[in-house]
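Engineer: Sequence and computational prediction follow.
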Amino acid sequence: MKTRHYLWCLAFVGIIGFSFYLLKSSQVFPSASIEIKLSKTQITQKSEEWASKLGYHEDKPIRSTTFAYDDDGKTFLEYELGSTQANALMKQTIPIWYWTTRFCKPLKQEEFSCWISPDGRLAAFDRALENDRELPSVKHDQALTMAQNFLTHDANLSLDGYKLIEQASIEQPHRTDHNFTWEDTKQEWHGAKLRTHIYISGNSVTSFNHYLHVPDVWTRKFSKLRSYNDALADAASIFYVALNTGSFFVFIWAFANSLIRWRFALVIAGAYAVLAALESINGLPSQWHGYDTSMPEAGFQLSLGMGVLTSALQTFVQTFILTASAEALYRRFFPEKLALEKIFTTAGLRAQSTVNGLISGTAAFGTHLGWIVLFYLAGRPLGLWCPLEVQNEESLSSYVPFFSALHVGFTASLTEEFTYRVIGLIAFQRLVKNFWLANLLQAAAWAFMHSNYPQEPPYARGVELTVVGFFYGSILRYFGVFPCIFSHNLIDTFLGLEPLFASSVPTLRISAFFALIPFIGLAIAALLLRLTKGESVETESITNKALFPVSPPPAVLAAEELAPRSYQYKPLKRITRLTLAILATAFTAIEFFYYVPAVGQSALLTVPRETAIAQAKQYLEAHDVHLEGYSDSASLVKGLDDDEMQYVFEKAPKRLYELSEIPERPLIWRVRFFKHLVQTEYLVLLDSRGKMLSMGLTQPDDEPGASLTEDEAKLKVQAFLDKEHKEITPYKLASVPREEKKQARTDYTVQFDVPKYKVGEAEYKLTSECLGDKVSGYDHNWILPDQWKFDRSKKYLREEVCRVLVWIVWLIFAVALVLWGKGVLRSHAIPWKPAIIIGLITGVFNIVETVNGLPDLFTDYGTEKPLVSFFVGEAVRTFAAATSSIAMYAALAAFGLGALRLLMPSTSVASVLRTTFLPADAAEKATSANIWIDATIIGFVVGLGQRVIWIALGWMRSQISPTISMAPLDALCGLVNIYNPSVSTVLDAVVRGVTLVFGVAIVIGIYLKYLRTTRNYFIFAIAISFIFPSQDRYWQDYVVDVLNYLLTFGIAYFLISKLARENLLAYFLAGFVSTIVGSMRVLMKHAAGLYFDDLVFLTALMMSPVVYVIYKRINRPKFLGGSKPTTTTIPDPMT
């Protein structure tokens, strides 16, 4: 079909589509009707009245009001009852829509939040008080009367037909609290019922909520359905990750070959950065609604400002890379199309191709809208479902609602069209060699990324948008990518503006048209230029093929083939080797035989995973639990809470280590028994020595069971405690058990105090549930005073200012790194093939690590999710992690190898590696022996020395810091919760060693570009050492961290300039040994008996360089001194 004919057909179909949308959209997508009777200002005034009435009297608090809705209740009603009936119920009967106003003061814990319905009624409120605030207490019966009076007289709710289904008393340090929940027994909607909740703190009502309770069965059913949506979106995201990673390498390729149109890419990135900054400012009302009161107001304002800048910078970098790479590909593979950078010039706007683009883009907009309506109109009889649209301007809480819609349109259109319609289409076409098949593939990859929308069947959104994506691809073939971006932008903006167009407020309805100004303005500009200056005649000059690339600059390197096959190395002197060997021996002794005193340091794991599972099964079977068809998963977790241990450290330091072992447990096995798509599951907890701690039961709300009395439930729980936890006796009942009446049973939550474990004002409480007649769970913890926790979480202005300072320094680092990297790319010094191979190897390592971690796979698996969806999600996450690893380490290797080639122009990296690992003659073997001897000694001294410094600083911190020292139990759990810790350790060690090699090369390159002298280096080191830890709260921690930085910089200087120099193997072994020793140290201290084989293997692996060196010494003794070999002097990078 000729372009002209296709254009007219598009215009005709677009007009029909847009008309069809206007006629049928309200029928297909009935918007949720919300009658806003009060303005935002009036709502805020009503909230202030409620706050004052309910006891919140802070002077000049921070106020923030937003509009929201109960998404779970809304979705349930729409799915079960249909849009018409759901709309009527949400308008009159069921509280779904509400304004929420929050009142708070900086550095004060008390705050007040109020939810007001659109017609001005109180829907809920919450007055947050510290649990240790002292208030008069009332008895439970009196509290019940208070709650009933509040509902009747203040909330204007009748309890006629309501049943009390839950009640409890909670003993706080200086008062008694109570809570009550009623449920409507007269009305229900497919199992959903209205509920009312009241919480009383001391003698004041401090919380109220009137809401729709959605049945747990439906929640699981809908979660299962939604999991298929997520699985499709996850599967499609593989292509998104691959294309985004590919765009980064395309950018590097384009840069190295001078294919980037800098002005165009920078202008686009700058414009989008400004849009991102403005949108961040526009969304400040929502940001203030989430203000953390532990932070000073000035600090929060500073944080907001930094967030605006960060958003702008991230957008700039991402948009620049994507635009530069996509434009370079577009220019190369579509040479006849109008160049993107020429569209907004006078010649471009006058060109016929621009007019065609505007017409086709507008036509595609109308066609897209019409297709949406047609698709869902035709699909509804076939069971297609989508939720109601929330078409109400008040749901947009930003300052300028239309700008948010415009921002979404601009961002999504450029990102998705460049990623899929340009990079994706070109990639698929090169793969399958057929445009239309490639077009279908890119369309499907783009479409199914949107499958996580709540629609049924789950593939509906993917099918709908595959047609759209294929249609856009055909437009690109005829008219270029500009009309695709134009149409995509226009439709996303238009759909975001619909709430404003539907508004009854004239000013908001008029404001929506401001978002259309860019589109209308572009069309008018093109029309006026055509009318005044006529059509552009020099069309060839504004096409892609007219933009020839600039010739790349000549490489600055000597040709690789001119470099010698081997290189000569100057070994360390004998006395230096001997001194370093003695240090390495001392460091090894310290590393393996001294541990800093810390909480949890004496924890010992004696029960392996298999035994823990077997003992858990045995316990359950002894209690008549049948596990046929159940799967199991066991994971080791740290049982100590850092905040609780800190509180004990401050209030009862002499009892700290005793209490951290009894009644607390440093390590806990969590053994889970679950069944696919079945809610009933069991969780057995055992300590690290195999003692059973508790059995937790999860079951559906409608599971039948016994209805015990309160006393019977208490006796059940007490019998369990007396049998399994004799160490906590004596204990006493803390408060009235919480009673919760289910459909066919009654559950209780029983809490006890253990006086002998009380610390300061923190009571030690035990909590167990009685589900029917089955005891479940054993939660034990100190109830820390809220005021203590709040004071500990407070952030000071100094910390925020220092955080900004560190952020600025990192930004300077990033700019410096980019400028240095630009020079390396321009020099053509990067050997891409080995860099990519190294990246691919790390990707394989990542996959091996995932397989090694399979024992922990089902730890957080939600049984409502089908296994297919779960496995797809895990596979996608693995793929994304592997892809990211490939990109990151390929880039690191690329610039590291490029830096090495620039630093050693008289030799080559290949010759260094050949001499080190594959010596050919006697001279090379002598050099190789010296390299290995020095590298082994240096690797052990530096790798172990850095860790010894950490030990010394850890000891210093334990002596002077007001912060508690904790043993690295999380590291132990990470090693235990995999198949083989040796495999993981070795892979990590190899990666860290390689990272250190390339990282050192990059650091030296940056040093030579910016610092250049030792004096400047140490000035820089001192500045960074004092700036980076400045966010520390306590001066003691600051001193330790400053020392850590200074010593690290000192070691780096000594390693690079005095020891290793050009010995690449030494850097690798330093990282390799340090990683292996770190894992061995943890396993030896806490699980030596279980992992003896791993410790033997890791010891042998760690000592293998030493064994090899000894072998070299025995067989080549005459080459081992600090003799006078002929050497090629390599400049000292630090002088």
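Structural biologist: Right, received. Where do you want to start?
Engineer: Could you pull up the residues touching Glu681?
Structural biologist: 630, 672-675, 697-698, 863 (Cβ atoms under 8 Å, 6 or more residues apart in numbering). All C-beta spots, glycine's among them, are computed from the backbone N, C-alpha and C.
Engineer: now with 6 Å?
Structural biologist: Residues near Glu681 by Cβ atoms under 6 Å, 6 or more residues apart in numbering: 674, 698.
Engineer: Can you list the buried residues in the strand or helix carrying it?
Structural biologist: Assigned by DSSP states H and E, Glu681 falls within strand 678-687. Applying a neighbour-count criterion of 16 or more other Cβ atoms under 10 Å, one finds 679, 681-687 buried in strand 678-687.
Engineer: same question for it, mean pLDDT?
Structural biologist: Computed over strand 678-687, the mean pLDDT rounds to 96.
Engineer: What strands flank that strand, and is each parallel or antiparallel?
Structural biologist: In the sheet, strand 678-687 lines up against strand 667-675 (antiparallel), strand 692-698 (antiparallel) (DSSP bridges).
Engineer: how about CSV for those, with mean pLDDT, distance to Lys40 and mean neighbour count added?
Structural biologist: Output for those, formatted as CSV (pLDDT from 0 to 100; distance: least, Cβ to Cβ, whole Å; neighbours: other Cβ atoms under 10 Å):
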stretch, mean pLDDT, distance to Lys40, mean neighbour count
strand 667-675, 97, 47, 22
strand 692-698, 95, 42, 19
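Engineer: Would you mind putting these into a markdown table with distance to Thr419 alongside?
Structural biologist: Output for the strands paired with strand 678-687, formatted as a markdown table (distance: least, Cβ to Cβ, whole Å):
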| stretch | distance to Thr419 |
| --- | --- |
| strand 667-675 | 38 |
| strand 692-698 | 42 |
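Engineer: just so I know, which of the ones you listed lies nearest Thr749?
Structural biologist: When the strands paired with strand 678-687 are compared by Cβ to Cβ, strand 692-698 sits nearest Thr749, at 12.8 Å.
Engineer: So which other helices or strands are in contact with the helix or strand hosting Leu819?
Structural biologist: According to DSSP H and E, Leu819 maps onto helix 797-826. Of the remaining helices and strands, those touching helix 797-826 by 3 or more Cβ pairs under 6 Å, 6 or more residues apart in numbering; DSSP states H and E are helix 297-333, helix 867-903.
Engineer: So what angle separates the directions of the last one and helix 797-826?
Structural biologist: For the pair helix 867-903 and helix 797-826, the angle between their directions (axes from the mean of the first three to the mean of the last three Cα atoms, to 10 degrees) equals 70 degrees.
Engineer: From the chain's centre, how far out is helix 867-903? Work that out for me.
Structural biologist: 17 Å (Cα atoms, centre = their mean, to the nearest Å).
Engineer: same deal with stretch 97-112?
Structural biologist: Worked out by Cα atoms, centre = their mean, stretch 97-112 lies 27 Å from the chain centre.
Engineer: what comes up buried for it?
Structural biologist: 97-106, 109-112.
Engineer: cool, and stretch 1027-1034?
Structural biologist: 1027-1032.
Engineer: just stretch 1002-1022 next, same as before
Structural biologist: Those would be 1002, 1004-1008, 1011, 1017-1018, 1021, for stretch 1002-1022 by 16+ other Cβ under 10 Å.
Engineer: Give me the distance between the two termini of it.
Structural biologist: By Cα to Cα, to the nearest Å, the extent of stretch 1002-1022 from end to end equals 20 Å.
Engineer: now it: mean pLDDT?
Structural biologist: Rounded mean pLDDT across stretch 1002-1022 is 95.
Engineer: swap in stretch 1111-1123?
Structural biologist: 59.
Engineer: got the contact list for stretch 810-817?
Structural biologist: By Cβ under 6 Å, 6+ apart, no surrounding residue is in contact with stretch 810-817.
Engineer: again, but for stretch 717-728
Structural biologist: 662-663, 750, 754, 768, 770, 775.
Engineer: swap in stretch 155-169?
Structural biologist: For stretch 155-169, the surrounding residues in contact (Cβ under 6 Å, 6+ apart) are 122, 140, 151, 176, 178-186, 735-736, 738-741.
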